[in-house]
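Chemist: sequence below, structure please.
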Amino acid sequence: MIKNDEISIIYYFRMYAHSLINKLLRCLLIKKDLYPKPENLHLSSYEKISKEIIDAETLLSRKNNLNIPLNMWQITARKKLIKIAGHKPVKRVKNAILPNKKFETDEYTREKIYLRAEKGLDIPVTVLKSRQTDNTQRGLIFLAGSLSGVHVGWGERKVPADNLVIGAGSTIPLEAVKRNITTFCIEMPGYGERQEKHLIPTSLDPKVDSFCLSLLTGRSLLGRQTSDVSTVFNWIRNNSDEFNIDPKNIVLFGHSVGGTIATYTGALDENIPAIVASGSIGFIKDTIGRRRNSNGSSIIPNILNWFEMDDVISLIAPRPFYALAGDKDHIWPIDGALKVVKSANDQLKNCIWETDIIKCSGKHRYYPKESWVCLEKAYDALYKIKTN
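Modeler: Numbering: from 1, shown residues only. Predicted coordinates:
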């Protein structure tokens, strides 16, 4: 019988082998068009798709509805976004399963809990808690990037790629416990121990199977991921006394695909107090609308007929929102992030909210120092909201 860790190794070997073979073929072989076409014909699907993306009208965008009061627009827009994403969080978790394995050091404890949200859905949450006696009542929800799983948050290495990610500074949760912030690390659908094991066989990247099959019931992979985050947040809020944290003093942080999930969760769930998004902001028409997508990540069906990314950000206001990206980030360029936040600010007009974006020096990776600048700004903003 194949064990879970063996499945993980097989999956990553297949992924890297497939990528290597494709690169070698591109380098060694001259591509021959087996179907030469007459001139002036448009036979490629993307020719039509790209035009539809550019021409999409974003009917519910804020800029097209400035005559409607902001709070009324947010109510209408949020309902529509919830529907097209398939955002269906669980308000109260049925059961929390503890495997009775707690990792302990002199500085903090780490414990994994499986939240039985509903039939067929268990959500793994790893809780890191400081041993410091002074109580800050601060909480952090951590969502990792797409290369591996959430274990990179506390520096655990399971696959070769983890060395690069951890070396770049993915251990935000470890720094959080040093600052006496109780941290909740959520394993997202399709990643880490939530890789697909029941659908046999799977596609090369099984997340695309989850994406496609979710469409059959009017949901999306991103909608499932945001639903899980909101479900965990509801569980934290319902048990805030046990964790000794203030549910209004929690920041949701995510990097790369985790940042996308964090941003959309903040837009969909108005109870999330503050959001910090790393390497994940850009206009849809300029980013995922122009490139391949092997797994369906970051896509909500039909979104461009209703919204663009500045509208998603506008649904977070007036709650604190901070973002950061590298000046050489080829996936989510900093210039694109700046345009989105500026556009959101312009269409929010007189709305007073705490927001900022930090330009980092480098490529698409974690930036721990700059992330903590954003995180502390978010906590300061929440303190101001609480004391005013």
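Chemist: and residue 60, how many neighbours?
Modeler: The local packing count at residue 60 equals 18, with neighbours defined by other C-beta atoms under 10 Å. In short, each C-beta sits where N, CA and C put it, glycine included.
Chemist: with residue 133 instead?
Modeler: Residue 133 has 6 neighbours, counted by other C-beta under 10 Å.
Chemist: next one: phi and psi at it?
Modeler: Backbone dihedrals for residue 133, given as degrees, to the nearest 10, come out at phi -90, psi -30.
Chemist: ok, and the closest non-adjacent residue to residue 248?
Modeler: The shortest distance from residue 248 to any residue that is not its chain neighbour, by C-beta to C-beta, 6 or more residues apart in numbering, is 5.4 Å, and that residue is residue 273.
Chemist: meant to ask about residue 224
Modeler: Excluding the flanking residues, the one nearest residue 224 by C-beta to C-beta, 6+ apart is residue 189, at 5.3 Å.
Chemist: measure that neighbour to residue 385 for me?
Modeler: 32 Å (C-beta to C-beta, to the nearest Å).
Chemist: and the two? Which one has more around it.
Modeler: Regarding residue 189 and residue 385, a neighbour count based on other C-beta under 10 Å identifies residue 189 as having more, with 19 against 16.
Chemist: which parts of the stretch 1-150 of the chain are helices?
Modeler: Taking DSSP state H, counting those that start in this stretch, the helices of the stretch 1-150 of the chain run over residues 4-28, 45-55, 70-85.
Chemist: so what's the residue count around the residue nearest to residue 248?
Modeler: With neighbours defined by other C-beta under 10 Å, the count for residue 273 comes to 23.
Chemist: what ranges does the stretch 51-200 of the chain have for its strands?
Modeler: Counting by DSSP state E, counting those that start in this stretch, one finds strands in the stretch 51-200 of the chain at the ranges 95-97, 102-104, 108-118, 121-130, 139-143, 182-186.
Chemist: could I have stretch 317-331 exported to PDB, CA atoms only?
Modeler: Provided in PDB are the C-alpha atoms of stretch 317-331 (Å, rounded to 0.1, in the frame of the first residue of the first chain):
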ATOM      1  CA  ALA A 317     -12.700  48.900   2.700                       C
ATOM      2  CA  PRO A 318     -12.800  50.400   5.200                       C
ATOM      3  CA  ARG A 319     -11.000  47.500   6.900                       C
ATOM      4  CA  PRO A 320      -7.200  47.700   6.800                       C
ATOM      5  CA  PHE A 321      -5.600  46.300   3.700                       C
ATOM      6  CA  TYR A 322      -1.800  46.100   2.900                       C
ATOM      7  CA  ALA A 323       0.100  44.600   0.000                       C
ATOM      8  CA  LEU A 324       3.700  44.000  -1.000                       C
ATOM      9  CA  ALA A 325       5.500  42.700  -4.100                       C
ATOM     10  CA  GLY A 326       8.900  42.600  -5.700                       C
ATOM     11  CA  ASP A 327      10.100  45.000  -8.300                       C
ATOM     12  CA  LYS A 328      11.200  42.100 -10.500                       C
ATOM     13  CA  ASP A 329       8.100  39.900  -9.800                       C
ATOM     14  CA  HIS A 330       7.200  38.400 -13.100                       C
ATOM     15  CA  ILE A 331       4.000  36.800 -11.900                       C
END
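Chemist: buried residues of it, list them for me.
Modeler: When neighbours are counted by 16 or more other C-beta atoms under 10 Å, the buried residues of stretch 317-331 are found to be 317, 319, 320, 321, 322, 323, 324, 325, 326, 329, 331.
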